[in-house]
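Engineer: sequence unknown, structure follows:
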């Protein structure tokens, strides 16, 4: 049944695609075996993350970008992620409804994902949805978030190219630059660039970037683009910049480095999940809460507690037993 | 020998104290058994974290705060942490040298800690140094960081009361508010308040705080203080605010909530460390790198890889084996 679903979605069947995304979003046990197969089929799409201040016009900008990429004959998928709300829809869906031309296009696929209780859960669900869409043969997959908090940053880290959208006016810039966004951006858009202050906002970003000593001097210099999503001005230049960044990633070998970094963090996150599951199955949450409370109340200490638990889980090393036993 | 060291440091022997801090800083195996004992002796100190933009005058402000707390007959320790530099000293030490009155005071203890390769390592070393100082009977322990990046935020999270220091002028404010600092602050200082723009900076902070919907409406409202570290103006008010926050934590029961949150994250971090150690001992780093590279190259997938590793480590659950096997 799963093999049939995979065969149909790779052949372009949209209902099979939607069905599979739902399976992975619900973290259905059957989906893991499918994801293993889908992972092997992927690796061709350009994965673009779009984040930035709430109210910066990200949804409209993304829709204009999709139109531009369609003009360039690409198949495009969007995963719109809202870590702040347990409901899909809201602002994200509202914008979509106005884009009737895209809704009917078989080469455009839009999916909203909402909070699943934990950021970790939502970001792994997003990564898996991207995996399905990649296997389905989309050329560009855009991960769009509603805000620019720490949760959003974690989610867009699954992308190869990260676009940070801001607007003229200081308050919004501060919001956008929270949570270490400056460091992860591959491209900046000052959107609503028809408003006063766009040049100043771009200059401020340039100044901030020049202060960022973490960036390698010889590496990619993030362009700062001015866009007006309402009219589409600057959007072709954004599409060009995305293409240049992908070319840079390929030529520099950074695409392999980023892919391995991602694989490593995904495997470690899955192992940490397995550790928590084993912890729950071995001790039970109530017992773990008791241990935590005893440490906080100084009846025990974190080292002894962790050592006892590690032994119960079978992950203690012999030397560790010696040191604490 | 360790018991003797602990007895001497709790009796006020500064050489024993320095020796123990060095043991925990070097993550000496012997230190874990000592930390277990020291943890039981602690819990009396007020732990204050101070973070904020580089150049905001944090070191001078901390020194003035120490003088004020000394006037209030407190014993005060400072752990000055620089995650950006592998060397102790630099700006942090430079400021200290000018504070000769404090250096000779037996009721003041100053310790610099520098990068240990990983943020996780530095923040656990900081927590352990605080644990030693708490057991040694200091009334207030100040964790001071050089900047306001994500590393610094993780480090000051070990505190009960977090002070964010900023200065008049937008560029610096943006730096200070990066990395989700707004959400964790219990108290703001607009330092160098004799400069133009201090009132405006305070008003901007007030506005940003009012936008922060994450904060519980009934909970602590972070005060926004104006200080001039060079003259000491506003420092008694800062000391008062710290005392009020500690009283709030105790009366509201938040001190227990924060203590348990901290114990939980510390135990989980130690378990994750144990997992990584077991991973290294079981597979070896080169083999793990091969697995990561195979996943990135789509010869394997993260789920199968994690499942195989979890089984090798003995943390796979039976149901997990069923789903993937």
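Structural biologist: Great, that's in hand. Predicted, not measured: the structure shown is a model, and the values here were computed from it. Numbers count the residues shown, from 1 in each chain, chains lettered A, B, ... in the order given.

Engineer: distance from the helix or strand hosting residue A:201 to the middle of the chain?
Structural biologist: Per DSSP states H and E, residue A:201 falls inside helix A:198-211. Relative to its chain's centre, helix A:198-211 lies at 25 Å (Cα atoms, centre = their mean, to the nearest Å).

Engineer: likewise for stretch A:259-269?
Structural biologist: Distance of stretch A:259-269 from the chain centroid (Cα atoms, centre = their mean) equals 13 Å.

Engineer: and it, does that touch chain B?
Structural biologist: Yes: residues of stretch A:259-269 contacting chain B under Cβ under 8 Å from any Cβ of the partner chain: A:259, A:260, A:262, A:263, A:264, A:266, A:267. C-beta here means a position set from N, CA and C on the backbone, and glycine is covered the same way.

Engineer: what packs against the helix or strand where residue A:113 lies?
Structural biologist: For residue A:113, the host element (DSSP H and E) is strand A:108-114. When contacts are defined as 3 or more Cβ pairs under 8 Å, 6 or more residues apart in numbering or on different chains; DSSP states H and E, strand A:108-114 packs onto helix A:14-25, strand A:76-82, helix A:90-97, helix A:100-103, helix A:119-135.

Engineer: give me that answer again for 6 Å
Structural biologist: On a contact count with 3 or more Cβ pairs under 6 Å, 6 or more residues apart in numbering or on different chains; DSSP states H and E, strand A:108-114 meets strand A:76-82.

Engineer: nearest residue to residue A:193 in space, please, no chain neighbours.
Structural biologist: residue A:226 (3.7 Å; Cβ to Cβ, 6 or more residues apart in numbering or on different chains).

Engineer: which strand residues bridge the one you found?
Structural biologist: residue A:190 (DSSP bridges).

Engineer: list the contacts of it.
Structural biologist: A:190, A:193, A:198, A:234 (Cβ atoms under 6 Å, 6 or more residues apart in numbering or on different chains).

Engineer: and the second one, how many neighbours?
Structural biologist: Spelled out, it's residue A:193. 21 (other Cβ atoms under 10 Å in any protein chain shown).

Engineer: residues touching it, list them.
Structural biologist: Going by Cβ under 6 Å, 6+ apart, residue A:193 touches A:226, A:227, A:228.

Engineer: which of those residues sits closest to chain B?
Structural biologist: Using Cβ to the nearest Cβ, residue A:226 is the member of the contacts of residue A:193 that lies nearest chain B, at 19.6 Å.

Engineer: related to what we said a few turns ago, neighbour-wise, which of the contacts of residue A:226 leads?
Structural biologist: residue A:190 (27 neighbours).

Engineer: so who does that residue touch?
Structural biologist: Listed by Cβ under 6 Å, 6+ apart, the contact partners of residue A:190 are A:166, A:198, A:201, A:202, A:226.

Engineer: verify the stated contact: the second one with residue A:168.
Structural biologist: Yes: here residue A:198 lies in contact with residue A:168, judged by Cβ atoms under 6 Å, at a distance of 4.8 Å.

Engineer: re the thing from before, and which of the contacts of residue A:193 is nearest residue B:65?
Structural biologist: Nearest to residue B:65 among the contacts of residue A:193: residue A:226, at 44.8 Å, using Cβ to Cβ.

Engineer: so for that closest one, what's the pLDDT?
Structural biologist: With respect to pLDDT, residue A:226 has a value of 96.

Engineer: and residue A:170, by the same measure?
Structural biologist: Model confidence at residue A:170, given as pLDDT, is 50.

Engineer: and residue A:11, how many neighbours does it have?
Structural biologist: 10.

Engineer: please report how far residue A:305 lies from residue B:223.
Structural biologist: From residue A:305 across to residue B:223, the span is 36 Å (Cβ to Cβ, to the nearest Å).

Engineer: looking at those two, which is more packed in?
Structural biologist: Taking neighbours as other Cβ under 10 Å, residue A:305 and residue B:223 compare with residue A:305 leading, 22 against 16.

Engineer: quick one: the more buried one from residue A:11, how far?
Structural biologist: From residue A:305 to residue A:11 the distance is 53 Å (Cβ to Cβ).

Engineer: what's in contact with the helix or strand harbouring residue A:162?
Structural biologist: Applying DSSP H and E as the criterion places residue A:162 in strand A:161-166. The contact list for strand A:161-166 (Cβ under 6 Å, 6+ apart) reads A:48-53, A:56, A:58, A:156, A:173, A:176, A:181, A:184-191, A:242, A:245.

Engineer: just stretch A:33-43 next, same as before
Structural biologist: A:2, A:6, A:128, A:131, A:132, A:134, A:135, B:298, B:301, B:303, B:304.

Engineer: can we see that at 7 Å?
Structural biologist: With contacts defined as Cβ atoms under 7 Å, 6 or more residues apart in numbering or on different chains, stretch A:33-43 is touched by A:2, A:6, A:10, A:20, A:23-24, A:128, A:131-132, A:134-135, B:298, B:301, B:303-304, B:324.

Engineer: which parts of the stretch 1-150 of chain A sit against chain B?
Structural biologist: Residues of the stretch 1-150 of chain A that fall close to chain B, judged by Cβ under 7 Å from any Cβ of the partner chain: A:29, A:32, A:33, A:35, A:36, A:39, A:40, A:42, A:43, A:150.

Engineer: for the buried ones among the residues you listed, write the corresponding PyMOL selection.
Structural biologist: In PyMOL, a selection of the buried entries from those looks like this (16 or more other Cβ atoms under 10 Å in any protein chain shown):
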select buried, chain A and resi 32+33+35+36+39+42+150
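
Engineer: on that earlier part again, who touches the helix holding residue A:201?
Structural biologist: Contact with helix A:198-211 is made by A:166, A:168, A:173, A:182, A:188, A:190, A:222, A:224, A:226, B:174, as judged by Cβ under 7 Å, 6+ apart.

Engineer: work out for me the element the fifth one sits within.
Structural biologist: Spelled out, it's residue A:188. Residue A:188 belongs to strand A:187-190 when assigned by DSSP H and E.

Engineer: mind listing what's buried along that strand?
Structural biologist: By neighbour count on 16+ other Cβ under 10 Å, the buried set for strand A:187-190 is A:187, A:188, A:189, A:190.

Engineer: likewise for stretch A:5-19?
Structural biologist: Quick answer for stretch A:5-19 (16+ other Cβ under 10 Å): A:5, A:6, A:8, A:9, A:10, A:16, A:17.

Engineer: ok, stretch A:53-67 next?
Structural biologist: By 16+ other Cβ under 10 Å, the buried positions in stretch A:53-67 come out as A:53-54, A:56-67.

Engineer: quick check: what element follows the helix ranked longest in chain A along the chain?
Structural biologist: In chain A, assigned by DSSP state H, the helix with the most residues is helix A:254-283. Heading C-terminal from helix A:254-283, the first helix or strand you meet, by DSSP H and E, is helix A:285-296.

Engineer: that following helix versus helix B:254-283: what angle between them?
Structural biologist: 110 degrees (axes from the mean of the first three to the mean of the last three Cα atoms, to 10 degrees).

Engineer: so how far is helix A:285-296 from its chain's centroid?
Structural biologist: Counting by Cα atoms, centre = their mean, helix A:285-296 is centred 33 Å from the centre of its parent chain.

Engineer: close to chain B, is that helix?
Structural biologist: Yes: judged by Cβ under 7 Å from any Cβ, helix A:285-296 and chain B are in contact via A:292, A:293, A:295, A:296.

Engineer: wait, what's in contact with the second one?
Structural biologist: Residue A:293 makes contact with residue B:260 under the criterion Cβ under 7 Å, 6+ apart.

Engineer: and what of the third one?
Structural biologist: By Cβ under 7 Å, 6+ apart, residue A:295 lies in contact with A:301, A:302, A:305, B:263, B:267.

Engineer: what about residue A:27, how many neighbours?
Structural biologist: Residue A:27 has 13 neighbouring residues, counting by other Cβ under 10 Å.

Engineer: show me the contacts for it.
Structural biologist: residue A:125.

Engineer: go on, residue A:141?
Structural biologist: A:45, A:47, A:77, A:79, A:130, A:133, A:134.
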